[in-house]
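Undergrad: sequence and computational prediction follow.
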Amino acid sequence: MRRGLLSAVLVAVALAVPAGASAATCATTPSAGGDWTLYGGTFGNSRTQTAETTMSPDNAGTLGKVWATAMPDGGVIQSTPTVKDGCVFTGTDLGHVYAFNADTGAQVWESLGQGGGGNAFVGAGIIGAPVPADGRVYVTATKDGKSIVAAIDEVTGAILWQKVINDAPGAGADASPVPFGDHLLFQSYQGDESGPDSNPGFVIMDALDGTVLRETKIIPAADFANGDRGGSVTATTAYDPATKTFYAVDGNPANGHQNQITDSFLKIDGDPASPTFGRILASRRGDSESYPVPQDVDSPTCSHDLQWPVGPLSCVHTDMDFLASPNLWTAANGHLMAGALQKSGVYHAVDTTTMTEVWKATIGASCLGCNLASSAVDANAIYVVVSGGDLYALDKETGLPKWVAPGNGGTEFHGVAVANGVVYVESDFGSLNAYRAADGVPLLVHPFPQDTNTVNQDIGNSSGISVARNTVFVSTKDSSTSTLFAFKLGASGGAGGLPPVPTPPGGGGVPGGGTGQVVSGPGASSAGYVTPAAVMTAGGTLTYTNADIVRHDVVADDKGADGAPLFASPLISAGQSADVAGVAKLTAGQYAFHCSIHVGMQGTLVVQ
């Protein structure tokens, strides 16, 4: 859920001229640790920093604040800061773009704009990351329902060009731009799901002057004429330079018509020499709008032709779109994989050669406003944080959890980052957290209020973390204003150390702790366990809590030599808890479990 020939008109009111020149400049001192020039750090949205060699699991607990800069316009940062040529670039929901000295936080320039409010669901102002490339900073903004792309001079902040790429009422553009090839730019835009004309798509532009070279609508023209709507590409698209191909994920249908290209992975031709340049080559659907039912189900009250939310909800379609950006990685068989977290709480992995699903991992509870955080991937695992605050490390070949670390917030829409064996995640309760990538052991909890002397929380915010120049860049929100932070090793600004990490209700167990927990909530018979993966240490205990009005239990799939399940709990009613017998004898490994009377309820126990 998020919000025909494109206008090439210069929009003077959308983004104004930059403010007066600042005395500050970008950092001129060379620094190791690489840059972070794209929303996802790399074309494949890996959100990993391979050039980082200084910050490590051995010293991440000593990270401290180097500087903190409040947004001058009083706006909110809702994306990942980018870093290039000694500057950090970010934008706000009020439509302003900023460059700050990466070493000091001093403002270098401000490119003023216009926008309004906005949140993680319906964008306004700047929601995507500003992207520096070729001496320019490309930025996308939403103003009065118009989707606007602009190119800003990286040194001065002067606007070089700006274009409206879609002006349909109620539309917008939340995804970050992707520069590629020979001065080309890919940008997607949304449609208004609450109106009758939701017709989202994407453009490929000439990055030098903003000319639109290709435009493609997500819904095929014949299907649109037949009443199909929706399929907005709100998340930032991944790109494979080797094959010149884009991989996007799109949103839910905007009415009861279930077009098969919605809630899907999209494979898009990005080769200018190809006859299908800019076209969708193939798609693979994720979970249905009727999740957890595998297929779309229409209720007797279904009103197909009414727009979101009335139409889809009347059909019992629950808004299971993709709002987290896809990752690309290479599987053991050499095939390129694309994966993404869906709002159903399922991370899907698709073979891009065949566009078939290889595996999927159910790791979070499904809901209309859940599971929006973009994941990270390195050589060892995929790191995904779900709503409820559980951070998972998934095996790239099987999707099985390697470890789970709870306690990272509530809604938790923040993009994860990984660098040199350390996974970084921002808790929307107001802290920077770090974990050892190998096993999920907590390394750092740095509360932002100790630096700001204010109450900081980022519930519902979609900002993310970047790692560059041996520095961790992250923003946090105080009321309606964001502050951008830089953290380095040994900095004197209140190093976080490691206070005890709390386990919230429904947590799957803290890595290094002996006790694990499995929880089922209301509607578990169809929705599954709230904790589809639980973690405990060998020799520890596992507790099962049922918050559903229907009785459930936890029973191992595998049986022992005596023919009995390796572990099992009794059937318990609402509000009851019980120990899971037999888990103390389990050796390290992964064990599947289910409910004995609701076989659709399945989970995995990870014993460390």
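TA: The structure has been received and is ready for your questions.

Undergrad: let's test this: mean pLDDT of stretch 183-200, rounded?
TA: The average pLDDT within stretch 183-200 is 88.

Undergrad: meant to ask about stretch 66-76, not that
TA: 93.

Undergrad: quick one: contacts of it?
TA: Here stretch 66-76 makes contact (C-beta atoms under 8 Å, 6 or more residues apart in numbering) with 77, 92-96, 98, 100, 103-107, 110, 118, 125, 451-452, 461, 471, 477-478, 480-488, 491, 493. Glycine gets a C-beta too; all of them are placed from N, C-alpha and C.

Undergrad: put the buried members of these into a PyMOL selection.
TA: Selection of buried members from the contacts of stretch 66-76 for PyMOL, criterion 16 or more other C-beta atoms under 10 Å:
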select buried, resi 77+92+93+94+95+96+98+100+103+105+106+107+110+118+125+451+452+461+471+477+478+481+482+483+484+485+486+487+488+491+493
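
Undergrad: contacting residues around Gly170?
TA: Residues in contact with Gly170 (C-beta under 8 Å, 6+ apart) are Arg3, Gly145, Gly191, Asp192, Ser194, Gly195.

Undergrad: excluding chain neighbours, what is closest to it?
TA: Spatially, and ignoring its direct neighbours in sequence, Gly170 is nearest to Asp192 (2.9 Å; C-beta to C-beta, 6 or more residues apart in numbering).

Undergrad: and the one you found, how many neighbours?
TA: 24 (other C-beta atoms under 10 Å).

Undergrad: looking at the contacts of stretch 66-76, which are in strands?
TA: Among the contacts of stretch 66-76, the residues falling in strands (DSSP state E) are 98, 100, 107, 110, 471, 477-478, 481-488.

Undergrad: how about these, which pair is most distant?
TA: Within the ones in strands among the contacts of stretch 66-76, Glu110 and Lys488 form the most distant pair, 24.8 Å apart (C-beta to C-beta).

Undergrad: tell me how far Pro565 lies from Ala51.
TA: Distance, Pro565 to Ala51, by C-beta to C-beta, to the nearest Å: 48 Å.

Undergrad: same check on Val346?
TA: For Val346, the distance to Ala51 - C-beta to C-beta - is 32 Å.

Undergrad: between those two, who's got more neighbours?
TA: Val346 (24 against 16).

Undergrad: note down every partner strand of whichever helix or strand Asn433 is part of and its orientation.
TA: Using DSSP states H and E, the element containing Asn433 is strand 431-436. With DSSP bridges as the test, strand 431-436 is paired with strand 422-427 (antiparallel), strand 442-447 (antiparallel).

Undergrad: can you give me the mean pLDDT across it?
TA: pLDDT averaged over strand 431-436 gives 94.

Undergrad: hey, C-alpha coordinates of it in PDB?
TA: This file holds the C-alpha atoms of strand 431-436, laid out as PDB (Å, rounded to 0.1, in the frame of the first residue of the first chain):
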ATOM      1  CA  SER A 431      18.900   3.100  19.800                       C
ATOM      2  CA  LEU A 432      21.600   1.900  17.500                       C
ATOM      3  CA  ASN A 433      22.100  -1.800  18.000                       C
ATOM      4  CA  ALA A 434      24.900  -4.000  16.600                       C
ATOM      5  CA  TYR A 435      25.200  -7.800  16.500                       C
ATOM      6  CA  ARG A 436      27.900 -10.300  15.600                       C
END
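
Undergrad: which residues touch it?
TA: 57, 60-61, 63, 391, 405, 407-408, 421-427, 441-448, 465, 472, 474, 485, 487, 496, 501, 511.

Undergrad: rerun that using 6 Å as the cut-off
TA: For strand 431-436, the surrounding residues in contact (C-beta atoms under 6 Å, 6 or more residues apart in numbering) are 57, 60, 405, 408, 422-427, 442-447, 474.

Undergrad: separation between Tyr435 and Tyr424?
TA: Tyr435 is 8 Å from Tyr424, by C-beta to C-beta.

Undergrad: quick revisit: does the residue nearest to Gly170 count as helix, strand or coil?
TA: Per DSSP: H, G, I helix; E, B strand; the rest coil, the secondary structure class of Asp192 is coil.

Undergrad: distance between the host helix or strand of Ala338 and the chain's centre?
TA: According to DSSP H and E, Ala338 maps onto strand 336-341. In terms of C-alpha atoms, centre = their mean, to the nearest Å, the centre of strand 336-341 is found 12 Å from the chain centre.

Undergrad: direction included, what does it pair up with?
TA: With DSSP bridges as the test, strand 336-341 is paired with strand 327-330 (antiparallel), strand 346-351 (antiparallel).

Undergrad: ok, and which of these has the densest surroundings?
TA: Neighbour counts (mean count of other C-beta atoms under 10 Å) averaged over each of the strands paired with strand 336-341 peak at strand 346-351, with a mean of 24.

Undergrad: now the element after it, going C-ward?
TA: strand 356-362.

Undergrad: direction included, what does the helix or strand following that next one pair against?
TA: Per DSSP H and E, strand 356-362 leads on to strand 376-377 as the next helix or strand towards the C-terminus. Here strand 376-377 is paired, per DSSP bridges, with strand 382-385 (antiparallel).

Undergrad: average pLDDT for the partner strand?
TA: Rounded mean pLDDT across strand 382-385 is 97.

Undergrad: report the mean confidence score over the helix or strand that that strand is followed by.
TA: Following strand 382-385 in sequence order, the next helix or strand is strand 391-394 (DSSP H and E). What strand 391-394 shows for mean pLDDT is 94.

Undergrad: what does stretch 154-171 give?
TA: Rounded mean pLDDT across stretch 154-171 is 91.

Undergrad: Tyr435 and Tyr424: which is more packed in?
TA: When neighbours are counted by other C-beta under 10 Å, Tyr435 and Tyr424 differ, and Tyr424 comes out ahead with 31 against 28.

Undergrad: if I look at Ala564, how far off is Phe473?
TA: 53 Å.

Undergrad: between these two, which one's more packed in?
TA: Phe473 (25 against 12).

Undergrad: worst-scoring helix or strand of the protein, pLDDT-wise?
TA: strand 15-18 (a mean of 44; mean pLDDT, DSSP states H and E).

Undergrad: report the buried residues of whichever helix or strand comes after that one.
TA: Using DSSP H and E, the helix or strand that follows strand 15-18 in sequence is strand 63-70. For strand 63-70, the neighbour count (16+ other C-beta under 10 Å) marks Leu63, Gly64, Lys65, Val66, Trp67, Ala68, Thr69 as buried.

Undergrad: test my guess that the second one contacts Leu489.
TA: So the one you mean is Gly64. No: with contact defined as C-beta atoms under 6 Å, Gly64 does not count as touching Leu489 (7.8 Å).

Undergrad: no further questions, thank you.
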